[in-house]
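K.L.:
Everything below, folded, please.
(chains A, B, C, D and E)
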Amino acid sequence: MKNKIGIADTCFSRIDMAKFAIDVIKKNSDAQIIRYTVPGMKDLPVACKKLLEEEKCDIVMALGMAGPMPIDKQCSHEASLGIQYAQLMANKHILEVFVHMDEAKEDGDLYVLAKNRTEKHALNAIELLKGKNALQKWAGQGKRQGRDDAGPIKVKYNRVC
Amino acid sequence: MKNKIGIADTCFSRIDMAKFAIDVIKKNSDAQIIRYTVPGMKDLPVACKKLLEEEKCDIVMALGMAGPMPIDKQCSHEASLGIQYAQLMANKHILEVFVHMDEAKEDGDLYVLAKNRTEKHALNAIELLKGKNALQKWAGQGKRQGRDDAGPIKVKYNRVC
Amino acid sequence: MKNKIGIADTCFSRIDMAKFAIDVIKKNSDAQIIRYTVPGMKDLPVACKKLLEEEKCDIVMALGMAGPMPIDKQCSHEASLGIQYAQLMANKHILEVFVHMDEAKEDGDLYVLAKNRTEKHALNAIELLKGKNALQKWAGQGKRQGRDDAGPIKVKYNRVC
Amino acid sequence: MKNKIGIADTCFSRIDMAKFAIDVIKKNSDAQIIRYTVPGMKDLPVACKKLLEEEKCDIVMALGMAGPMPIDKQCSHEASLGIQYAQLMANKHILEVFVHMDEAKEDGDLYVLAKNRTEKHALNAIELLKGKNALQKWAGQGKRQGRDDAGPIKVKYNRVC
Amino acid sequence: MKNKIGIADTCFSRIDMAKFAIDVIKKNSDAQIIRYTVPGMKDLPVACKKLLEEEKCDIVMALGMAGPMPIDKQCSHEASLGIQYAQLMANKHILEVFVHMDEAKEDGDLYVLAKNRTEKHALNAIELLKGKNALQKWAGQGKRQGRDDAGPIKVKYNRVC
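P.N.:
Model (predicted):
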């Protein structure tokens, strides 16, 4: 039976992030995609939970964009906590893909960042569906979404202590 | 059977926000409206949950106004987290429509802002009742409530990376 | 059958706030009062939940005083979040009546503030027991507890937008 | 049947706070004591919940010490919220007895503070087991743990407003 | 029957912390190890809960690395709160082993810190499986993970107050 991947996205976002995710999922898996569009970030947690519980999705991506002001950080914090509880209540993963408008200096950069982050997390979603050890090859490798990987720390001797 | 939309509002607010919501809902849908007035913001989460669970509302709007001081931000944060949990426990949407008194420089502006935000979210509530894809046409379009839309980011080439 | 109103208060508070609440409730209703005294603010949430669930109170008032330091704000934040969850788990209201020691410049003012806030919320508790619309007459009227009402915003024309 | 008092403490603390609590409980009650030692503060909430639910304790004391840095305040905040939820899930009290290393200027003071706070809360635990009104005689009396009581606010006339 | 220890780790971390934990557990116990690798910190709470509930682990270690910016502190706070709720829902311990990139001035130090913290907490995990009193010998001894122990406070007289 095909896997089901849920995609929750927002009208608040200035970029159609869902399109990035859908393109990657279609190219790299035969999973069924169920999309759910809500007004803003704080509407994502319950939308994700409904995708997991009512639509029986195996995993969900929560795609959101946060404004640049302090009150926007408070909003994204509330949305993030909601996503934490939603996962624990459903016992399934929700990959939080949030872009903060102050992460880039101009619109073009923000677009590139949002695309990169969403695409990499779409691949993460596909991997997580394969099992607990599918991502183990990248464990501790300093992987980043949205920008280049930080990479692993190089230590001269295998054991420094 | 008619949809039921709950409206929870407060005595603390300096503007009768419920009136804005009720006007829009009556003009644009035949949903039944159930209203619940509480003292302040922090009384909204449980009021919303009761509207969803005891009054069987399909969706609820939580209308509140927050003061301008740091302690007021803490209060709105607590109310917002309560609204997050209430949604997850009831598996239904609560649209949070909060106006912060420091968002506008004078009363008239605050009134306009509150009216605009409440009316747009009333329309969002009606759309969400239609299904998961009713708002998809606006996904990633930079929609805002309370002020003008930010609009989508324009990128010169369809794909910049 | 008589309503039951729970009153949870603390030894930390420098003012016997419960007395204010009890006086108002006795004068304005025939509700049965059940009181529960705990050491401090952070002990209030579970005390309130026990009043709602084990003592079958219909509503509870949580009376607390917070110190003036940053760590005290953190404590009151934790207590407030506990009160939020307690309400959502019990599906009943807990009116949070917190006084912060930095709200007044001297003890006499703090006393007046605490008395005013507690008494007004005791009246709110009585109103909430009457039903969802008992407070509707005050909706959007800028009501305040502890100090004078802010009042509603006056807009020159009934509709400014 | 004897009451059971749980005591959860940590290896992180620089003071054996459990000893203070155990001494006071033994002198002032015949309650059975069940102790549970965990690495640090953030391990306390689930330890307390296990004491309440698996060991059937009637009340628990959570004894912890927090470091002086901002990240330590974040940790104690997380531990405190965990303790809030643990209480609400178990419907029993957990007395949080936290000492912050920046509350005292030198080690001797910190020791005195920790001892005073723990001993007073041990007495509070014993009182709470007696019932909802056992602490009522101290309600609004400005009681403090760790330092001297603040005492009640003195108002010249019985009623100032 | 052998104990089961879960190890949840991330691709975000720049150090393979799981290796440190696995080495220590293998040397010091015959527990079965079940590993689960996720993209980042905020994916750890539900991964840990699945290890506890679906894989029947007796205890879990949550290994994560946090970036150095304010938004990273917000992320680690959200992950920590998720870990708190996961523990309370499963009634089992999750040892949070988080390394913050701003705890060390250069990569080598961070590596040493991460190794030390992970190894000490792996030993804590083994002790906690032995029972409530296994760690009691270290109670109040100022134990630290990641750096040297702070040690217990020395007071000149056995009782200073």
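
K.L.:
going forward, measure contacts and count neighbours with C-alpha atoms only.
P.N.:
Fine.

K.L.:
wait, does the helix ranked longest in chain A make contact with chain B?
P.N.:
Assignment by DSSP state H gives helix A:107-130 as the longest helix of chain A. Yes. Judged by CA under 8 Å from any CA of the partner chain, helix A:107-130 and chain B are in contact via A:107-108, A:111-112.

K.L.:
Quick one: buried ones out of those?
P.N.:
Using 16 or more other CA atoms under 10 Å in any protein chain shown as the burial test, the residues of helix A:107-130 next to chain B include A:107, A:111-112 as buried.

K.L.:
measure A:Arg147 to chain B for me?
P.N.:
Plainly put, A:Arg147 is 12 Å away from chain B if you go by CA to the nearest CA, to the nearest Å.

K.L.:
residues from chain A in reach of chain E?
P.N.:
Going by CA under 8 Å from any CA, the residues of chain A near chain E are A:77, A:80-81, A:84-85, A:87-88, A:91-95, A:124, A:128, A:132-136, A:138-144, A:150-155, A:160-161.

K.L.:
In strands, which of those residues appear?
P.N.:
Using DSSP state E, the subset of those located in strands is A:94-95.

K.L.:
Quick one: buried ones out of the residues of chain A next to chain E?
P.N.:
A:77, A:80-81, A:84-85, A:87-88, A:91-95, A:124, A:128, A:132-136, A:138-144, A:151-153.

K.L.:
Apart from its chain neighbours, what residue comes closest to the residue nearest the centre of chain A?
P.N.:
With distances taken as CA atoms, centre = their mean, A:Val97 lies nearest the centre of chain A, 3.0 Å away. Nearest residue to A:Val97 in three dimensions, chain neighbours excluded: A:Leu63, at 4.9 Å (CA to CA, 6 or more residues apart in numbering or on different chains).

K.L.:
Also A:Val155?
P.N.:
Closest residue in space to A:Val155, ignoring its immediate chain neighbours: E:Gly108 at 6.4 Å, by CA to CA, 6+ apart.

K.L.:
how much space between the one you found and D:Leu110?
P.N.:
Using CA to CA, to the nearest Å, E:Gly108 is found at 35 Å from D:Leu110.

K.L.:
Now A:Tyr85: closest residue in space that isn't a chain neighbour?
P.N.:
Nearest to A:Tyr85 is E:Gly82, by CA to CA, 6+ apart, at 6.9 Å.

K.L.:
tell me which parts of chain A are close to chain B?
P.N.:
A:9-17, A:35-39, A:42-43, A:45-47, A:49-50, A:74, A:78-79, A:81-82, A:85-86, A:107-108, A:111-112.

K.L.:
If any of these are buried, put those into a ChimeraX selection.
P.N.:
Of the residues of chain A next to chain B, the buried ones go into a single ChimeraX selection, burial set by 16+ other CA under 10 Å:
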select /A:9,10,11,12,13,14,15,16,17,35,36,37,38,39,42,43,45,46,47,49,50,74,78,79,81,82,85,86,107,111,112
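
K.L.:
Just the residues of chain A next to chain B: which are in helices?
P.N.:
A:17, A:45-47, A:49-50, A:74, A:78-79, A:81-82, A:85-86, A:107-108, A:111-112.

K.L.:
burial count for the residue nearest to A:Met41 when sequence neighbours are not counted?
P.N.:
Leaving out its chain neighbours, the residue that sits closest to A:Met41 by CA to CA, 6+ apart is A:Gly64, at 5.6 Å. Neighbours of A:Gly64 under the rule other CA atoms under 10 Å in any protein chain shown: 31.

K.L.:
Please enumerate residues in contact with the helix or strand hosting A:Gly64?
P.N.:
Under the criterion of DSSP states H and E, A:Gly64 resides in strand A:59-66. Residues from elsewhere that reach strand A:59-66 (CA atoms under 8 Å, 6 or more residues apart in numbering or on different chains): A:4-10, A:12-14, A:17-18, A:40-41, A:44-45, A:48, A:51-52, A:72-73, A:75-76, A:92-101, A:118, A:121-122, A:125, A:129.

K.L.:
Please tell me I have it right and the residue nearest to A:Tyr85 contacts A:Ala86.
P.N.:
No. Applying CA atoms under 8 Å, one finds E:Gly82 not in contact with A:Ala86, separated by 10.1 Å.

K.L.:
Can you work out which residues contact both of these two?
P.N.:
Joint contacts of E:Gly82 and A:Ala86 (CA under 8 Å, 6+ apart) do not exist.

K.L.:
what residues are up against the nearest residue to A:Cys75 once chain neighbours are set aside?
P.N.:
If you skip the residues right next to it in sequence, A:Cys75 has A:Lys42 as its closest partner in space, 6.9 Å away by CA to CA, 6+ apart. By CA under 8 Å, 6+ apart, the contact list for A:Lys42 reads A:75-76, A:78-79, A:82, B:84.

K.L.:
Distance check, A:Lys42 against B:Gly82.
P.N.:
A:Lys42 is 12 Å from B:Gly82, by CA to CA.

K.L.:
Tell me where the model's unsure across chain A.
P.N.:
Counting by pLDDT under 70, chain A has low-confidence residues at A:156-161.

K.L.:
80 instead, please
P.N.:
A:1, A:156-161 (pLDDT under 80).

K.L.:
Off-centre distance for stretch A:82-95?
P.N.:
Stretch A:82-95 has its C-alpha centroid displaced from the chain centroid by 12 Å (CA atoms, centre = their mean, to the nearest Å).

K.L.:
And stretch A:91-108, by the same measure?
P.N.:
From the chain centre to the centre of stretch A:91-108 is a distance of 8 Å (CA atoms, centre = their mean).

K.L.:
So what touches it?
P.N.:
For stretch A:91-108, using CA under 8 Å, 6+ apart, the contacting residues are A:48, A:52, A:58-68, A:80, A:83, A:87, A:110, A:113-114, A:117-118, A:121, A:125, B:153-155, B:160, E:43, E:46-47, E:49-50.

K.L.:
Assumed A:Asn99 was part of a helix.
P.N.:
One thing to correct before we go on: residue A:99 is Val, not Asn. No. Per DSSP: H, G, I helix; E, B strand; the rest coil, A:Val99 lies outside any helix segment and is strand.

K.L.:
partners of it in the sheet?
P.N.:
A:Met65 (DSSP bridges).

K.L.:
Quickly note the distance from it to A:Gly146.
P.N.:
For A:Val99, the distance to A:Gly146 - CA to CA - is 9 Å.

K.L.:
tell me, what's touching those two both at once?
P.N.:
Common neighbours of A:Val99 and A:Gly146 (CA under 8 Å, 6+ apart) are A:113-114.

K.L.:
higher neighbour count, the two?
P.N.:
A:Val99 (25 against 21).

K.L.:
how far away is that one from E:Val99?
P.N.:
Computed as CA to CA, the A:Val99 to E:Val99 distance reads 24 Å.

K.L.:
With A:Gly142 instead?
P.N.:
Remark: distance between A:Gly142 and E:Val99 (CA to CA) = 13 Å.

K.L.:
A:Ala18: what's its closest spatial neighbour, skipping adjacent residues?
P.N.:
Nearest one to A:Ala18, counting by CA to CA, 6+ apart, is A:Asp9 at 6.3 Å.

K.L.:
Tell me which two of the residues of helix A:107-130 next to chain B sit farthest apart.
P.N.:
For these, the farthest-apart pair by CA to CA is A:Asp107 and A:Val112; their separation is 8.8 Å.

K.L.:
Thanks a lot, see you next time.
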